[in-house]
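In: mind folding the following:
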Amino acid sequence: MTASGRAALAALGVVVTSFIAATAYSEYRAGSIDAAAHQLAESVAPGIQYLTNGCEDLRQLGALLREADARRDHVERSWQRAQAELETYLSLETTAESPRFAHQLAALQSMIGSAVGRWDPHDPAQQREVTGRILPAVEEISGTALVALDRAASHSRALAATIGGARRGALQVVLALDAVSLLFALLAAGLLWRTMRLE
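Out: So this is what the prediction gives:
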């Protein structure tokens, strides 16, 4: 085999190697993109939805508690909706504020359960005293929920940036490897043509 033939074989080997490297790198990057997309779809985005709903339910609960003639059944239903949304969020996401958030939920549940049991719709003074004790706890957990919502939104943006960056980076590497493959394929073709001409 001539020197041109050996060079053509070496160039073809580089072409095959760069195609394999491009495919392997694409699969490697696809794994990180898939992991970030899965986390975004399975916990972060639903968590944001549950937190948003929970914050709205807490806002409504606070508005009910500020009413002079708040009805016990409306307060209970509003709290149950907020509690369900926020507990579902906590089951999806574990964050730095999760233990504090879970503690606040449990404390508020206990407080509302106790207060609702003593609720006298015919005694406005007692009703104001009960709602006056519950309202600060509702406002405190609302603040925690808003902080959690802000962090979840930031986490969502970070995951989206990770996905975008990984895709752009993978595309750049794959294009570079494809360019190398094309260059060596042309080199191999030229060397093969030269070898065939010399024979």
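
In: can you name the next helix or strand after the lowest-mean-pLDDT helix or strand in the chain?
Out: Ranked by mean pLDDT, DSSP states H and E, the weakest helix or strand in the chain is helix 3-39, scoring a mean of 78. Elements were assigned by DSSP states H and E; along the chain past helix 3-39, the next helix or strand is helix 45-66.

In: buried ones in that following helix?
Out: By neighbour count with 16 or more other CB atoms under 10 Å, helix 45-66 contains the buried residues 46-48, 50-55, 57-58, 60-62, 64-65. (Each C-beta comes from the backbone N, C-alpha and C, glycine too.)

In: who's in contact with residue 137?
Out: Neighbouring residues of residue 137 by CB atoms under 8 Å, 6 or more residues apart in numbering: 104, 107, 108, 111.

In: which pLDDT value goes with it?
Out: Here the pLDDT value assigned to residue 137 is 89.

In: from residue 157, how far out is it?
Out: 31 Å (CB to CB, to the nearest Å).

In: equivalent analysis for residue 41, please.
Out: The value you get for residue 41 to residue 157, if CB to CB is used, is 15 Å.

In: please apply the same query to residue 74.
Out: Going from residue 74 to residue 157 by CB to CB gives 37 Å.

In: among these two, which residue is more densely surrounded?
Out: Neighbours were tallied for residue 74 and for residue 157 using other CB atoms under 10 Å; the higher tally belongs to residue 74 (14 against 11).

In: so who does the nearest residue to the more buried one once chain neighbours are set aside touch?
Out: Closest residue to residue 74 apart from its sequence neighbours, by CB to CB, 6 or more residues apart in numbering: residue 64 at 5.5 Å. If you count contacts by CB under 8 Å, 6+ apart, residue 64 has them with 70, 71, 74, 75, 78.

In: what are the phi and psi values for residue 172?
Out: Here is the backbone geometry of residue 172 (degrees, to the nearest 10): phi -60, psi -40.

In: so, low pLDDT: which residues of this protein?
Out: Residue ranges of the chain with pLDDT under 70: 1, 4-5, 8, 96, 199.

In: residue 48 is in contact with residue 92, correct?
Out: No: if you go by CB atoms under 8 Å, residue 92 and residue 48 don't touch, sitting 9.9 Å apart.
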